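In: Got a sequence here, can you build the structure:
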Amino acid sequence: MAGSWVKGQRSANPNGRPKGSKNKRTLLTEKQRQALAARAGITPLEFLLSVLRDEDAPFEHKADAAKIAAPYMHMKMPMRVETQSDPTETAKVVRDTVAALFSNGAASLRQDGSG
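Out: Predicted structure coming up:
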């Protein structure tokens, strides 16, 4: 019996199966996903979202897809500049930020906050 495993004898790979190696079921699933993406002409983001929605996909694949897709779906939280203790100062910072972002109409905001 050449090539078959025999209990008690050393195998050709003394370290065993490498972590993260793909089994036949996983490879088949990935091949099916690649074929679907190529056939349907979907975007990479749509592909990642299909992985997330697939009930049969392993959790690791869903987690990886979520990490990759998140920046395209949700904005990063802005960096915290500094905490303002005075509410009028905070309102001024917000008003200035809005004016900078929408300079065509927001510059006409009055000091009391009404437009």
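In: For the helix with the most length in the chain, buried residues please.
Out: Looking across the chain with DSSP state H, the single longest helix is helix 24-40. By neighbour count with 16 or more other C-beta atoms under 10 Å, helix 24-40 contains the buried residues 29, 33. To be clear about C-beta, it is placed using only N, CA and C from the backbone, and glycine gets the same treatment.
In: what helices or strands is the helix or strand following that helix leaning on?
Out: Sequence order places helix 44-53 as the next helix or strand after helix 24-40, per DSSP states H and E. Where contact means 3 or more C-beta pairs under 8 Å, 6 or more residues apart in numbering; DSSP states H and E, helix 44-53 is packed against helix 24-40, helix 59-73.
In: Would you mind pulling up the elements that the last one packs against?
Out: Put plainly, it is helix 59-73. Right, helix 59-73 is packed against helix 44-53 by 3+ C-beta pairs under 8 Å, 6+ apart.
In: ok, how many other residues are close to L48?
Out: 22 (other C-beta atoms under 10 Å).
In: Can you give me the pLDDT of it?
Out: According to the prediction, L48 has pLDDT 89.
In: and it, what does it touch?
Out: 65, 68-69 (C-beta atoms under 8 Å, 6 or more residues apart in numbering).
In: Please check the residues you listed and keep the buried ones.
Out: In those, the ones that pass as buried (16+ other C-beta under 10 Å) are 65, 69.
In: Which member of the contacts of L48 is positioned nearest V6?
Out: A65 (40.9 Å; C-beta to C-beta).
In: CA atoms of the longest helix of the chain as PDB?
Out: Extracted in PDB, the C-alpha atoms of helix 24-40 (Å, rounded to 0.1, in the frame of the first residue of the first chain):
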ATOM      1  CA  LYS A  24     -11.300  20.500  -0.700                       C
ATOM      2  CA  ARG A  25     -14.600  22.000   0.500                       C
ATOM      3  CA  THR A  26     -13.100  25.500   1.000                       C
ATOM      4  CA  LEU A  27     -11.300  25.400  -2.300                       C
ATOM      5  CA  LEU A  28     -14.500  24.500  -4.100                       C
ATOM      6  CA  THR A  29     -16.400  27.300  -2.400                       C
ATOM      7  CA  GLU A  30     -13.700  29.800  -3.400                       C
ATOM      8  CA  LYS A  31     -13.700  28.600  -7.000                       C
ATOM      9  CA  GLN A  32     -17.400  29.000  -7.100                       C
ATOM     10  CA  ARG A  33     -17.200  32.500  -5.700                       C
ATOM     11  CA  GLN A  34     -14.500  33.500  -8.200                       C
ATOM     12  CA  ALA A  35     -16.600  32.000 -11.100                       C
ATOM     13  CA  LEU A  36     -19.700  34.000  -9.900                       C
ATOM     14  CA  ALA A  37     -17.700  37.200  -9.700                       C
ATOM     15  CA  ALA A  38     -16.300  36.700 -13.200                       C
ATOM     16  CA  ARG A  39     -19.600  35.700 -14.700                       C
ATOM     17  CA  ALA A  40     -21.800  38.400 -13.100                       C
END
